[in-house]
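S.K.: sequence and computational prediction follow.
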Amino acid sequence: MTESLFFDSDCISAFLWVGHENLLVKLYPGRIVIPKTVYDELSYPGIAHLKARVDALLLGGQAQIMTIDADTEAYELYYQLTVKPEAGHMVIGKGEAASIALAKQNGGIVASNNLKDIAPYIAEMGLKHMTTGDILLAALEKGYITEAQGNRLWSAMLSKRRKLGAASFTAYIH
């Protein structure tokens, strides 16, 4: 089965900021899903260049936007995650919540770096999950990048304040 990846803002923007969204297209052709909530977050005036890059992916048919319809399982879950969590759980961001809700509804993979907020939900729902590091590792394994290129991308992402969980790509690998 070819599962779609449902990106939150942080994960997709890590690639957009450094101009390497082409890696996503190579690795996951026809499988890149951007929740409408995430698209809206990328539409803020201060980061219009990121939206332009997403628009290019959409126009090229390399990604799709997906909405959460009212009266669906995804909507109920999205509401729970963003407004009224179950006891012992915390409210999470709209982009992360949309990615989780749509991945659950559609049997996809959540693409997010925000492990602190989403890890309990991912585990409870038995969802598959990928981070920017996992994606770069897949690119390395497929021969799309070298370890040195991965380190340069990692460094560029860190310089754009992306939280990647390791000081370098090499450290992530090991």
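M.R.: That came through, no problem.
S.K.: how about the strands in this protein?
M.R.: Using DSSP state E, the strands of the chain run over 5-7, 32-35, 63-66, 109-111, 128-130.
S.K.: for residue 98, which of those is the nearest?
M.R.: Go through those one by one with C-beta to C-beta and the one that ends up closest to residue 98 is strand 32-35, at 3.6 Å. Where you see a C-beta, it was placed from the backbone N, CA and C, and this is true even at glycine.
S.K.: isn't residue 104 up against residue 73?
M.R.: Yes - assessed by C-beta atoms under 8 Å, residue 104 is found in contact with residue 73 at 7.4 Å.
S.K.: the more surrounded of the two?
M.R.: Comparing residue 104 with residue 73 by neighbour count (other C-beta atoms under 10 Å), the higher total belongs to residue 104, at 20 against 11.
S.K.: how close does the more buried one get to residue 17?
M.R.: Taken as C-beta to C-beta, to the nearest Å, the spacing of residue 104 relative to residue 17 amounts to 28 Å.
S.K.: same thing with residue 128?
M.R.: 25 Å.
S.K.: more neighbours: which of those two?
M.R.: Each of residue 128 and residue 17 had its neighbours counted (other C-beta under 10 Å), and the higher figure belongs to residue 17 (19 against 13).
S.K.: for the helix or strand bottoming out on mean pLDDT in the chain, which positions count as buried?
M.R.: When the helices and strands of the chain are compared on mean pLDDT, DSSP states H and E, helix 115-125 comes out lowest with a mean of 93. Burial within helix 115-125, assessed by neighbour count using 16 or more other C-beta atoms under 10 Å, is assigned to 117, 118, 121, 122.
S.K.: check stretch 17-35 too.
M.R.: When neighbours are counted by 16+ other C-beta under 10 Å, the buried residues of stretch 17-35 are found to be 17-18, 20-21, 23-25, 27-28, 31-35.
S.K.: out of these, the closest to residue 46 would be?
M.R.: Of those, the one sitting nearest to residue 46 (C-beta to C-beta) turns out to be residue 17, at 12.6 Å.
S.K.: can you give me every residue that contacts the closest one?
M.R.: Residue 17 makes contact with 50, 156, 157, 160, 162 under the criterion C-beta atoms under 8 Å, 6 or more residues apart in numbering.
S.K.: now residue 66
M.R.: Contact analysis of residue 66 by C-beta under 8 Å, 6+ apart lists 6, 33, 34, 35, 36, 102, 106.
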